[in-house]
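Q: sequence below, structure please.
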Amino acid sequence: MTDKPFSESCLQNREPILAVLRIWFADRRHVLEIGSGTGQHAVYFAPELPHLVWQTADVPPHHAGIRAWLDDAALPNVRPPLALDANDTAWHGGRYDAVFSANTLHIMSWPEVAQCFAGIGAVLASGGTLVIYGPFNYNGAYSSESNARFDAWLKARDPASGVRDFEAVDALARAQGLVLQQDIAMPANNRTLVWRME
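A: As a prediction, this is how the structure comes out:
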């Protein structure tokens, strides 16, 4: 199938992310992916982590592209995409022992980020693991020139978006009962943040 959506960043970051997921999702069983995007991450991670049931999810306009990747891969442990909008609570009824999201927080508005964490708090079981990948600022400062340029590009496209401050994101997580376990440096000035639900 030639008309599947394609993300270059998914291709570039999937191996470093997988190395983290192998550790933190080793004893997990049912993961919700918030913002499955093209579907590329799901079809790459699922066969490498066959013990997991991988639930894709995104806003409905992305579902056709995700399904195209899932149809081609025909993996037994990946589920068709759920409709997931941070502003809607319809997805809060699920229950998962892991949640994963990559490159989503900087695309959402800050109120949507807060709503997303409220949803994570609703669906993540006690003892569950949250893994989020993307760029972050620390102490109110960019961690690299490339992240500063990326933030300017994001804000030019949508003023409500932008690279998020780690401290503010961690505060949202803590408000939901999540405790930071690890902050991992990744290629291209990104981070992977891991929390545990108490």
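Q: listing partners with orientation, what would you give for the longest strand along the chain?
A: When the chain is parsed with DSSP state E, its longest strand is strand 124-134. Here strand 124-134 has these sheet partners by DSSP bridges: strand 96-102 (parallel), strand 190-197 (antiparallel).
Q: figure out how far it is from the centre of its chain.
A: Taking C-alpha atoms, centre = their mean, to the nearest Å, one finds the center of strand 124-134 at 10 Å from the center of the full chain.
Q: for that strand, buried residues please.
A: Residues Leu124, Gly128, Thr129, Leu130, Val131, Ile132, Tyr133, Gly134 are the ones in strand 124-134 that count as buried (16 or more other C-beta atoms under 10 Å). C-betas here are computed from N, CA, C, even on glycine.
Q: pull the residues that contact whichever helix or strand comes after that strand.
A: Of the helices and strands lying after strand 124-134 in sequence (DSSP states H and E), the nearest is strand 136-137. For strand 136-137, the external contacting residues (C-beta atoms under 8 Å, 6 or more residues apart in numbering) are Ser143, Asn147, Val163, Arg164, Asp165, Phe166, Val169, Arg191, Leu193.
Q: buried subset of these?
A: By neighbour count, with 16+ other C-beta under 10 Å, the contacts of strand 136-137 hold Ser143, Asn147, Val163, Arg164, Asp165, Phe166, Val169, Arg191, Leu193 as buried.
Q: now mean pLDDT and distance to Pro61 too, for the strands paired with strand 124-134, in CSV please.
A: Conversion of the strands paired with strand 124-134 to CSV gives the following (pLDDT from 0 to 100; distance: least, C-beta to C-beta, whole Å):
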stretch, mean pLDDT, distance to Pro61
strand 96-102, 98, 18
strand 190-197, 98, 25
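Q: deepest-packed of these, please.
A: Comparing these by mean neighbour count (mean count of other C-beta atoms under 10 Å), strand 96-102 ranks first with a mean of 24.
Q: tell me who's in contact with Tyr138.
A: Tyr138 makes contact with Asp165, Phe166, Glu167, according to C-beta under 8 Å, 6+ apart.
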